[in-house]
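Asker: No letters, just coordinates:
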């Protein structure tokens with residue numbers, strides 16, 4: 001997968017982990033998606049959409065406190 005290669009070659013590149021997370025979430029790989037959202041947030045802490053999407057995954061799992069933190073960051 002080209003996105004996996006991009007993530008390995010340049011893990012700090014803007015949006016690479018975000019795009020991986022979206023693809024993984026759509027395939028139902030939510031744990032891997034969460035890891036990539038977290039990596040994107042590490043590289044780009046103010047990226048609201050990464051916080052929002054991670055919050056949505058966490059909320060679906062019932063992890064409401066963690067989700068709330070990311071919803072707040074998204075604002």
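Answerer: It's in. Since we're looking at a predicted model, the values are computed, not measured.

Asker: does residue 49 really touch residue 17, like I thought?
Answerer: No - look at residue 49 against residue 17 with CB atoms under 8 Å: they stay out of range, at 12.0 Å. Using the backbone N, CA and C atoms, a C-beta is placed for each residue, glycine as well.

Asker: Show me which of those two is the more surrounded one.
Answerer: Legend: neighbour count by other CB atoms under 10 Å for residue 49 and residue 17, higher for residue 17 (27 against 14).

Asker: Could you say which helix or strand holds the more buried one?
Answerer: Using DSSP states H and E, the secondary-structure element containing residue 17 is helix 16-26.

Asker: before we move on, what about residue 51?
Answerer: Going by DSSP H and E, residue 51 is part of helix 48-60.

Asker: buried residues in that helix?
Answerer: Residues of helix 48-60 classed as buried: 50, 51, 52, 53, 54, 55, 56, 57, 58 (neighbour count, 16 or more other CB atoms under 10 Å).

Asker: between the strand or helix carrying residue 73 and helix 48-60, how big is the angle?
Answerer: When elements are assigned from DSSP H and E, residue 73 belongs to helix 64-74. Using axes from the mean of the first three to the mean of the last three CA atoms, to 10 degrees, the direction of helix 64-74 lies 160 degrees away from that of helix 48-60.
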